[in-house]
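S.K.: below are the sequence and a predicted model; questions follow.
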Amino acid sequence: LMLTLVATQVAFCFVIYFAAGLFVMTFERAHQPTGYSSENLVILTASAREPQPPQVWDEASARLRHVPGVESVAMAGWPLLDGNGWNGFIWVNGQPTEVLAYFLSVSPGFIDTMRIPFVQGRDFRQNESFPGKAIVNEAFVQQCFGGRNPLRQWFEKETGDGVTRWRFEVVGVVANAHYRNLREPMTPTAYVPFFGTNPARQREPKDGGSFIVRVRRGSPASLAGILRSEVSHARPELRVSNIRTQVEINEGHTVRERLLAVLAAFFAAVGLLLAAVGVYGVLHYSVVQRRKEIGVRLALGARALDIAKHVTHEMSVMTAIGIATGLAVGFATERFFASLLYDVKSTDPGVTIIPILAVGGTAVVAALPAIIRAARMDAASMLRVD
């Protein structure tokens with residue numbers, strides 16, 4: 001009965017460790033590179049009751065650049081991975097494609113502030129406005145231009161009325177960066193000028209946007225209060241409604257995975273501890289109960305290794321049965337939490353091998369005290385035991 005209970009305990013521990021491996025690997029794979037440098041970035045979301053001319057936004061940006069510790073400042077419609085999206089189907093050479101590309105309005109310097117690598121071409125100039133020029137990522141080049149050099153090529157985007165289209169000339173190509181979600185593949189993305197142009201060829205006012213601020217060192221959050229006040233002092237028309245770091249935005253996409261990984265790792269550690277206590281307790285009791293038999297074997301010339309094999313044989317078999325049972329249960333129950341997993345399967349070697357080694361190693365370590373005690377028994381004193 002004790003051996004059966006230990007096998008059940010080992011199986012239960014293995015299932016927990018197996019699930020923990022799935023969740024931890026999900027967290028690691030969901031927490032993948034973004035394509036830009038998130039560290040030392042502060043995002044200030046600002047708005048105005050009425051649309052403000054570009055000069056207002058430019059003055060606020062200039063004020064932020066003079067704050068000690070600030071390295072660079074740019075503007076965008078919203079930060080990357082914020083959850084917002086603006087997309088549309090693309091026309092190339094007057095022909096529609098099936099490519100649904102994402103767009104983000106940004107100011108000159110946004111690419112450098114985010115540290116997205118430039119592949120070729122140039123950044124926007126201060127006098128360029130929407131529509132007209134565009135900087136596209138490598139996924140856009142592959143899907144819309146077939147990998148050909150897109151510089152000085154034109155593409156069009158639907159405006160939403162089903163009739164007219166905006167026209168853009170590609171002036172630069174940058175590396176891929178995640179736009180909306182870390183779990184999604186890299187989407188075709190076009191960065192366009194932050195300010196639009198009215199029929200009089202003047203830049204239009206805007207009622208909202210985000211200041212992207214890169215600081216030189218220290219904690220970006222420590223400058224949050226200063227940056228907020230600087231925007232208000234520069235232009236009282238602008239109101240900062242939210243301040244976040246880019247790291248916080250990114251980590252918001254993996255909150256569920258992080259929580260599940262931490263909880264699963266905790267319960268896996270508790271399971272290993274219980275399995276170790278069970279193996280140790282049963283083996284210790286077994287050695288005590290069989291000390292006279294062990295004494296006889298030692299008196300007849302049995303070696304320490306023979307005693308160790310004899311003491312642990314049944315426990316080894318039950319541990320192996322427990323691991324095999326846990327593995328079967330793990331495979332059978334994976335489908336119940338498959339929706340919580342990302343880019344990981346139960347058949348991945350790391351998911352199965354690590355729990356086997358961990359549970360098996362725990363059983364070996366727990367068995368060592370009983371093995372040492374059995375091997376060190378004095379044959380003469382054991383034979384005198386009633």
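M.R.: Cool, got the structure. Numbering: from 1, shown residues only.

S.K.: name the residues that touch stretch 131-142?
M.R.: Counting contacts by CB atoms under 8 Å, 6 or more residues apart in numbering, the residues outside stretch 131-142 that touch it are 99, 101, 111, 119, 121, 123-124, 144, 147-148, 150, 155, 157, 166-177, 186-193, 196-197. C-beta coordinates here come from the backbone N, C-alpha and C atoms, glycine included.

S.K.: in it, what counts as buried?
M.R.: Buried residues in stretch 131-142, defined by neighbour count with 16 or more other CB atoms under 10 Å: Pro131, Gly132, Lys133, Ala134, Ile135, Val136, Asn137, Glu138, Ala139, Phe140, Val141.

S.K.: what about it, how long is it end to end?
M.R.: Taking CA to CA, to the nearest Å, the first and last residues of stretch 131-142 lie 22 Å apart.

S.K.: ok, Met75 touching Gly208?
M.R.: No - Met75 is not in contact with Gly208 according to CB atoms under 8 Å; the separation is 10.6 Å.

S.K.: and those two? Which one has more around it.
M.R.: Between Met75 and Gly208, counted using other CB atoms under 10 Å, Met75 has the larger neighbour count: 25 against 15.

S.K.: what about the more buried one, distance to Arg125?
M.R.: Met75 is 15 Å from Arg125, where distance means CB to CB, to the nearest Å.

S.K.: one more: Val359?
M.R.: The gap separating Val359 from Arg125 is 62 Å, by CB to CB.

S.K.: what's across from Gly172 in the sheet?
M.R.: The residues paired with Gly172 through beta bridges, assigned by DSSP bridges, are Gly121, Ile135.

S.K.: check contacts around it.
M.R.: Neighbour list for Gly172: Ile111, Phe118, Gln120, Gly121, Arg122, Asp123, Ile135, Val136, Leu151 [criterion: CB under 8 Å, 6+ apart].

S.K.: need the pLDDT of it.
M.R.: The per-residue pLDDT reported for Gly172 equals 94.

S.K.: hang on, the earlier thing: looking at the contacts of Gly172, which is nearest Val42?
M.R.: For Val42, the nearest member of the contacts of Gly172 is Ile111. The distance, counting by CB to CB, is 17.6 Å.

S.K.: my guess is the closest one contacts Val173. True?
M.R.: No - contact between Ile111 and Val173 fails when scored by CB under 8 Å: they sit 10.6 Å apart.

S.K.: which residues do the two both contact?
M.R.: If you check Ile111 and Val173 against CB under 8 Å, 6+ apart, the residues they both contact are Phe118, Ile135.

S.K.: these two: which is more packed in?
M.R.: Ile111 (22 against 19).

S.K.: surely the more buried one is in a helix?
M.R.: Yes - secondary structure of Ile111, determined by DSSP: H, G, I helix; E, B strand; the rest coil: located in a helix.

S.K.: which residues of this structure score low on pLDDT?
M.R.: Residues of the chain meeting the criterion pLDDT under 70: 28-31, 160-162, 198-202, 218, 283-315, 337-344, 346-347, 350-351, 370-371, 373-386.

S.K.: residue ranges of each domain in it, please.
M.R.: Taking the TED database as the criterion, the chain consists of the domains 1-31+254-376, 41-251.

S.K.: for the protein, which segments are assigned as strands?
M.R.: In the chain, the segments counted as strands under DSSP state E are 41-52, 70-76, 87-92, 95-106, 118-121, 133-137, 154-158, 165-174, 189-193, 206-215, 239-245.

S.K.: including distance to Val279, could those strands go into TSV?
M.R.: Rendered in TSV, the data for the strands of the chain read as follows (distance: least, CB to CB, whole Å):
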stretch	distance to Val279
strand 41-52	50
strand 70-76	57
strand 87-92	57
strand 95-106	55
strand 118-121	57
strand 133-137	55
strand 154-158	65
strand 165-174	56
strand 189-193	55
strand 206-215	53
strand 239-245	47
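
S.K.: to Phe331, which of those strands lies closest?
M.R.: The nearest among these, by CB to CB, is strand 95-106 at 37.2 Å.

S.K.: ok, Val365 - contacts?
M.R.: Val365 makes contact with Ala276 under the criterion CB under 8 Å, 6+ apart.

S.K.: brain fart, Leu80
M.R.: For Leu80, the set of contacting residues under the criterion of CB under 8 Å, 6+ apart consists of Thr34, Tyr36, Leu104, Met114, Ala177, His178, Tyr179, Gln246, Ile249.

S.K.: same check, this time on Arg152
M.R.: Arg152 is in contact with Glu169, Val170, Val171, counting by CB under 8 Å, 6+ apart.

S.K.: for the second one, which non-adjacent residue is spatially closest?
M.R.: What it means is Val170. The spatial neighbour of Val170 that comes closest, neighbours along the chain excluded (CB to CB, 6 or more residues apart in numbering), is Pro150 at 4.4 Å.

S.K.: next one: the last one
M.R.: The shortest distance from Val171 to any residue other than its chain neighbours is 4.9 Å, reached at Lys133 (CB to CB, 6+ apart).

S.K.: quick check: longest helix of this structure.
M.R.: As far as residue count goes, and with DSSP state H defining each element, the longest helix of the chain is helix 255-289.

S.K.: so which other helices or strands are in contact with that one?
M.R.: Contacts of helix 255-289 with other secondary structure elements, assessed using 3 or more CB pairs under 8 Å, 6 or more residues apart in numbering; DSSP states H and E, are made with helix 2-30, helix 304-333, helix 349-375.

S.K.: now the angle between helix 2-30 and it, please.
M.R.: Angle, helix 255-289 to helix 2-30, by axes from the mean of the first three to the mean of the last three CA atoms, to 10 degrees: 160 degrees.

S.K.: Phe267: which of the helices and strands packed on helix 255-289 is closest?
M.R.: When the helices and strands packed on helix 255-289 are compared (using CB to CB), the closest one is helix 2-30, at 5.2 Å.
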